Structures are given as structure tokens and as C-alpha cells.
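Undergrad: I'll drop the sequence and a predicted model, then ask my questions.
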2 protein chains.
Amino acid sequence: MNPTPAFAPRRSVEQVEEGLALAPKFGPDGLLPCITTDAGSGEVLMLGWMNADALQRTLATQQAHYWSRSRQVLWHKGGTSGLVHHLVELRIDDDQDAVWLRVRLQAGPQADPASCHVGYRSCFYRAVDPGTGARRFVEDGKTFDPRVVYGDAPNPTVL
Amino acid sequence: MNPTPAFAPRRSVEQVEEGLALAPKFGPDGLLPCITTDAGSGEVLMLGWMNADALQRTLATQQAHYWSRSRQVLWHKGGTSGLVHHLVELRIDDDQDAVWLRVRLQAGPQADPASCHVGYRSCFYRAVDPGTGARRFVEDGKTFDPRVVYGDAPNPTVL
């Protein structure tokens, strides 16, 4: 890993909005939301969460790390599946309480490049048409079989 | 407005992940994160928050509504600036605790099409290069002057 990047203190609105210092604001739970997109296609792949450690490790290793809220653990994306998110660029928003990762997907040993634990490329595989309210699946089918890739690992979806 | 869309109860992981019923999961604060992208360019414009009312109004009016955490009010995007987010498509993620809006921007009376209150097209106007750690502004400049568009309205950024 590269040296751990230090975050700057948040001193003023002007510094946070107009400066180049990385001064992220984590929520009361210590987390901020992270949008992850495919750097090639631009497709949104997932909405994840990061604590300070996950953000620092992402920058230091150039591989996305998230905080799993359902499992309450630091989560190196691809650790189980091989479907790593390689960091191409990190962006931060105006008030620095959200980040956007542009990533390159890789294939896993038992899966073509994809990101979603259900087997789709993107977690956002369902759409609502605002005019008609019609709902549809946007991908042609699953990219991989989650039973093969994850075995009997617990499903992270919480009702 | 169209009739208010009703949300489905969350009965099983299979229904939530594999079905077409809209069964969103709001957090303990009643909110879920919303990724908004430009439907033309694919660029991520902002990360907003929605309560059930905001999500229902977005679908019913086909214009994005958010919950402003800093102001603690329902926020019809563009109400002050004219920079409305016209809904092209709404997507929901695997466990239905995040949404993705694909929108079309419009110009305001005093601004070219843009989204960010600081004056940039996207709220994510700053990037970190993961290799070098170098930081830079990604847009050529501001699209509009926020002092002209917002006057003396309070800045929503919270330290």
C-alpha cells in the first residue's frame, strides 16, 4: 500500500467547496455514500458505503473497499468473488460528504466481469418508466450464477 | 400529478431482489440515497436523499424531488434556480435501498443547464488521481454564477 492519505480538517465552506484538500464529512454513523460507476461504459454499478478506513484503503491500494452495513465489516470488493473494482478515478462532491469511484471491472475465476451479488453487471438492473410506471429488467440476463460464485455465503440483502 | 404510486411491502429477499414490485427500504432516518446522472452524457450530477414523499412525488410529477438534510425540507430541485431535473428513467438497486435517477437538465432563467449549487454542471467537479494522489478540477469552469442564481439564500453546505 502507498502511505495512508491523511484527510484535511474542515475549516470553512469555501475551503470545502472550492479547495483541493480532501476533507470528507462522514455521517453520525461514521459512513458516507459512495457511487461506483464503470469507467468504460459510465454505467452506475452500485451504491456503497465507506468509513474513513475504507476510503483510505481504496486510495492506498487502488482497489475499492467499502463498509458492509449488513455484515458490519470492512469489505474488500472482490475478496470472495474475484470481482475486484480497480480504481481509475475518485471524485468528491461539493460539500465532500459523498464520493464517486470510476472503476474497471475484472473477471473472477467463475464469473465474467460484473459487480452485483445477484449475478447482474450492475446492482441497478431494474427500471421504472416514469410515464407509464411500467417496470422492467434492463439487462439481458445474469452475467454469472451467484450460487457458484458465492456458495452458501449469507445473502447480504436485509428485509 | 399522476395518482400517487403505492410501494409494496417487503416480504422476502427473493421478491425484493428478483421481482418487479417497487418495495423501497428507507433507513432509520426515513431516507434513502439517490444517485442522479445526466441521461445524455451519463455524468453523475449529484448524490441526493429521498424520503417516501420525495420518491412518490418524483414518480408522480416526473421531476426530481429530494429531502434536503441541511434544510430539513422537501426540495423540488430547480424550485429556486429553475435548474429542474426532468426524470427520464428511475432505477432501483438489488436490495431496493438506493435509487438511480437518469434525468434531463434544463436551463434556468439565469443559468445554462447545470445541477450544482456551487455553479458547476456536476457536484462531483473535483477528482483525485489514484496513482499520484494529484487533485484537480474536472470542469473548465463554473457554468453559472451562484450569487446571481441564488442571491442571498443560505448555502446548504454544512461543515
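TA: Everything's here; your move.

Undergrad: Strands along chain A, start to end?
TA: With strands called from DSSP state E, chain A shows them at A:32-38, A:44-50, A:65-68, A:73-76, A:85-92, A:99-105, A:126-128, A:135-137.

Undergrad: now the ones you listed in JSON lines, with mean pLDDT?
TA: As requested, the strands of chain A are arranged in JSON lines below (pLDDT from 0 to 100):
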{"stretch": "strand A:32-38", "mean pLDDT": "98"}
{"stretch": "strand A:44-50", "mean pLDDT": "98"}
{"stretch": "strand A:65-68", "mean pLDDT": "97"}
{"stretch": "strand A:73-76", "mean pLDDT": "96"}
{"stretch": "strand A:85-92", "mean pLDDT": "97"}
{"stretch": "strand A:99-105", "mean pLDDT": "97"}
{"stretch": "strand A:126-128", "mean pLDDT": "96"}
{"stretch": "strand A:135-137", "mean pLDDT": "96"}
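
Undergrad: B:Asp112 is nearest to which of those strands?
TA: Among the strands of chain A, strand A:85-92 comes nearest to B:Asp112, with 21.3 Å by CB to CB. Yep, even glycine has a C-beta here, placed from its N, CA and C like the rest.

Undergrad: Helices of chain A, residue ranges please.
TA: For chain A, helices defined by DSSP state H occupy the ranges A:13-18, A:52-61, A:146-150.

Undergrad: Would you mind putting the CA coordinates of the helix or strand of chain A with the lowest mean pLDDT into CSV?
TA: Lowest on mean pLDDT, DSSP states H and E among the helices and strands of chain A sits helix A:146-150, with a mean of 91. Included here for helix A:146-150 are C-alpha records, laid out as CSV according to Å, rounded to 0.1, in the frame of the first residue of the first chain:
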residue,chain,number,x,y,z
PRO,A,146,-24.3,-16.4,-7.7
ARG,A,147,-24.7,-19.9,-6.2
VAL,A,148,-21.5,-20.9,-8.0
VAL,A,149,-19.5,-17.7,-7.1
TYR,A,150,-20.7,-17.2,-3.5
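
Undergrad: distance between that helix and the chain's centre?
TA: Centroid displacement of helix A:146-150 relative to its chain, using CA atoms, centre = their mean, to the nearest Å, is 20 Å.

Undergrad: which residues touch the closest residue in space to A:Arg57 that isn't next to it in sequence?
TA: Using CB to CB, 6 or more residues apart in numbering or on different chains and skipping residues adjacent in sequence, the residue nearest A:Arg57 is A:His65, 4.3 Å away. Going by CB atoms under 8 Å, 6 or more residues apart in numbering or on different chains, A:His65 touches A:50, A:53-55, A:57-58, A:74-77.

Undergrad: Tell me the buried residues within those residues.
TA: Buried subset of the contacts of A:His65 (neighbour count, 16 or more other CB atoms under 10 Å in any protein chain shown): A:50, A:54-55, A:57-58, A:75-77.

Undergrad: which among those gets closest to A:Ala153?
TA: Closest to A:Ala153, out of all of the buried ones among the contacts of A:His65 and judged by CB to CB, is A:Trp75, at 12.1 Å.

Undergrad: That closest one reaches A:Tyr66, doesn't it?
TA: Yes: counting by CB atoms under 8 Å, A:Trp75 touches A:Tyr66, with 4.7 Å between them.

Undergrad: Which residues does the residue nearest to A:Arg57 form beta bridges with?
TA: A:His76 (DSSP bridges).

Undergrad: and it, how far is that from A:Pro9?
TA: Look at A:His65 and A:Pro9: by CB to CB, to the nearest Å, they are 23 Å apart.

Undergrad: How about A:Glu139?
TA: Counting by CB to CB - A:Glu139 and A:Pro9 are separated by 43 Å.

Undergrad: what's the answer for A:Tyr66, then?
TA: 24 Å.

Undergrad: Neighbour count: those two, which is higher?
TA: Using other CB atoms under 10 Å in any protein chain shown as the criterion, A:Tyr66 and A:Pro9 rank with A:Tyr66 on top: 25 against 8.

Undergrad: List the residues that contact the closest residue to the more buried one other than its chain neighbours.
TA: With CB to CB, 6+ apart as the criterion, A:Tyr66 has its nearest non-adjacent residue at 4.0 Å, and that residue is A:Gly48. Neighbour list for A:Gly48: A:33-34, A:36, A:64, A:66-67, A:77 [criterion: CB under 8 Å, 6+ apart].

Undergrad: Tell me the buried residues within the residues you listed.
TA: Buried among the contacts of A:Gly48 (16+ other CB under 10 Å): A:33-34, A:36, A:64, A:66-67, A:77.

Undergrad: The closest residue to A:Gly30 other than its chain neighbours and chain B, how far apart?
TA: Nearest residue to A:Gly30, sequence neighbours excluded (CB to CB, 6+ apart): A:Asn51, at 4.9 Å. Distance of A:Asn51 to chain B, given as CB to the nearest CB, to the nearest Å: 16 Å.
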